[in-house]
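J.: Provided below are the primary sequence and the corresponding predicted coordinates.
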Amino acid sequence: MQKVRAAIKGIHGYVPDYILTNAELEKMVDTTDEWIISRTGIKERRILKGEGKGTSDMGAEAVKGLLSKTNTNPLDIELIIVATTTPDMQFPATANIIGDKCGLKNAFGYDINAACSGFIYSLTTAARMIESGALKKVIVVGGDKMSSIIDYSDRQTCVIFGDGAGAVLLEADDSGVGIIDAVLQSDGSGRVHLHQKAGGSAMPATAETVEKKLHYVYQEGQAVFKFAVTKMADAAEEIMKRNNLHSDDVAWLVPHQANKRIIDATARRMGVDDSKVMINIDRYGNTTNGTIPLCLWEWEKKLHKGDNIVLAAFGGGFTWGAVYLKWAYDSK
Ligand code: UT7
């Protein structure tokens with residue numbers, strides 16, 4: 001028997017049907033398919049349509065699929081954490097809404113807002129609770145309806161983001177697999193480069209804030225890029241060193257999908273071959289908290305018990321980090 005760890009025992013995802021292509025964006029703003037692909041690697045992204053639909057609708061689809069494929073009784077879930085930057089409402093937490101939609105009647109729930117690093121922050125938080133012995137079955141959701149805070153007349157941001165959500169089931173496991181280590185960091189001085197100006201307590205919504213488009217993502221792309229490209233690779237390198245992992249030991253790198261160039265730089269620094277890097281930015285763009293679970297979901301059938309996997313992310317805050325885990329099962 002080894003130390004009790006939190007192991008991912010199932011993964012599921014959801015992306016909306018509507019596909020927003022680069023060709024459609026060319027009609028909306030002054031951009032080109034060539035610019036978007038060469039600068040970001042994105043060809044299309046999904047958009048959640050429908051009045052009243054929010055992040056919880058995508059998260060609930062992912063959780064329902066997860067419960068069904070893992071034959072899990074919703075009443076056995078003790079905690080649900082939702083990593084999101086676009087909660088359905090300021091309050092209550094989207095975790096509570098998803099819990100209600102999925103019948104998680106015995107679970108407590110809350111959201112974590114760490115922008116694009118939210119999923120790895122949440123996974124680590126949940127893992128620590130399981131390691132402590134306090135909990136045995138936890139669901140972590142990462143998802144965002146980024147289209148709800150994007151200005152579709154701003155070419156610098158509207159080409160990047162998309163909507164989607166993924167969910168993992170974490171269970172206590174003492175066989176040596178599971179979440180092994182995490183490097184998590186943040187630097188709030190980076191907030192000037194990436195934020196949403198209005199709608200919070202510092203600047204509540206008014207007719208003027210709406211008119212001035214202050215409820216959309218404000219991003220100084222180049223400044224964010226410079227930090228992201230360094231910090232995401234730093235975190236991935238540090239977690240490898242700390243755990244004596246060499247590039248050959250790493251089965252998969254699962255990077256946050258913000259920009260193909262940031263992903264490539266992280267893989268290069270780790271010495272990991274392109275064939276071991278999960279990339280779906282071309283089809284989904286940057287779904288913020290959804291990127292990492294959506295990758296794991298799409299690659300699930302290729303994963304094997306004992307695979308060494310490194311997750312890495314960088315996002316608004318600034319927040320960044322990396323998680324090292326050993327995959328817990330062979331997919332049927
Ligand atoms: O999710 C976590 C946090 N976010 C990130 O990690 C994102 C990090 N940043 C980036 O990925 C990149 O900075 C962007 C993709 C946002 C922008 O790419 P870039 O290569 O840094 O472009 P830039 O902002 O330096 O702009 C270069 C040029 C500018 O024109 P001039 O001034 O050189 O004439 C922009 O106006 O490209 C122009 N431009 C565009 N042109 C066509 C900016 N957006 C577009 C566009 N289509 N959509």
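T.: Yes, it's here.
J.: In contact with the closest residue to Asp33 other than its chain neighbours, which residues?
T.: When the adjacent residues along the chain are set aside, Asp33 lies closest to Asn22, with 4.0 Å between them (Cβ to Cβ, 6 or more residues apart in numbering). In this view, the C-beta of every residue, glycine as well, is placed from N, C-alpha and C. Contact analysis of Asn22 by Cβ atoms under 8 Å, 6 or more residues apart in numbering lists Thr31, Thr32, Asp33, Ile36, Ile37, Ile42, Lys43, Glu44, Val159.
J.: Any of these buried? List them.
T.: Thr31, Ile36, Ile42, Lys43, Glu44, Val159 (16 or more other Cβ atoms under 10 Å).
J.: what's the closest of these to the ligand?
T.: Relative to the ligand, the closest of the buried ones among the contacts of Asn22 is Thr31; by Cβ to the nearest ligand atom it sits at 3.3 Å.
J.: gap between that closest one and Gly143?
T.: Note on Thr31: its distance to Gly143, by Cβ to Cβ, to the nearest Å, is 26 Å.
J.: which residues does Ser117 contact?
T.: Leu184, Ser186, His256, Ala313, Phe314, Gly315, Gly317, Thr319, Trp320, Gly321.
J.: In CSV: those, plus pLDDT, secondary structure and distance to Asp249.
T.: Shown next, in CSV, are the contacts of Ser117 (pLDDT from 0 to 100; DSSP: H, G, I helix; E, B strand; the rest coil; distance: Cβ to Cβ, whole Å):
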residue, pLDDT, secondary structure, distance to Asp249
Leu184, 98, strand, 22
Ser186, 98, strand, 28
His256, 98, coil, 21
Ala313, 98, strand, 21
Phe314, 98, strand, 23
Gly315, 97, strand, 27
Gly317, 95, coil, 30
Thr319, 98, strand, 26
Trp320, 98, strand, 22
Gly321, 98, strand, 20
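J.: and those residues, which two are the farthest apart?
T.: Using Cβ to Cβ, those reach their maximum pairwise distance at Ser186 and His256, which is 14.5 Å.
J.: more neighbours, those two?
T.: His256 (31 against 17; other Cβ atoms under 10 Å).
J.: which ones are touching that one?
T.: Per Cβ under 8 Å, 6+ apart, neighbours of His256: Cys116, Ser117, Met232, Asn286, Thr291, Ile292, Ala312, Ala313, Phe314, Gly315.
J.: Between which two of those residues is the distance greatest?
T.: Asn286 and Ala312 (14.4 Å).
J.: Give me every residue in the protein that's in contact range of the ligand.
T.: Listed as neighbours of the ligand in the chain under the rule Cβ under 6 Å from any ligand atom: 31, 35, 39-40, 116, 155-156, 159-160, 221-222, 224-225, 228, 258-259, 262, 286, 314-315.
J.: Could I get the full set of strands for the stretch 51-200 of the chain?
T.: 79-83, 108-112, 137-145, 163-173, 178-186, 194-196 (DSSP state E, counting those that start in this stretch).
J.: now these in JSON lines, with distance to Thr206?
T.: Compiled in JSON lines, the strands of the stretch 51-200 of the chain are given as follows (distance: least, Cβ to Cβ, whole Å):
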{"stretch": "strand 79-83", "distance to Thr206": "28"}
{"stretch": "strand 108-112", "distance to Thr206": "25"}
{"stretch": "strand 137-145", "distance to Thr206": "23"}
{"stretch": "strand 163-173", "distance to Thr206": "27"}
{"stretch": "strand 178-186", "distance to Thr206": "30"}
{"stretch": "strand 194-196", "distance to Thr206": "15"}
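J.: Please identify the most buried of those.
T.: strand 137-145 (a mean of 31; mean count of other Cβ atoms under 10 Å).
J.: All good on my end, thank you.
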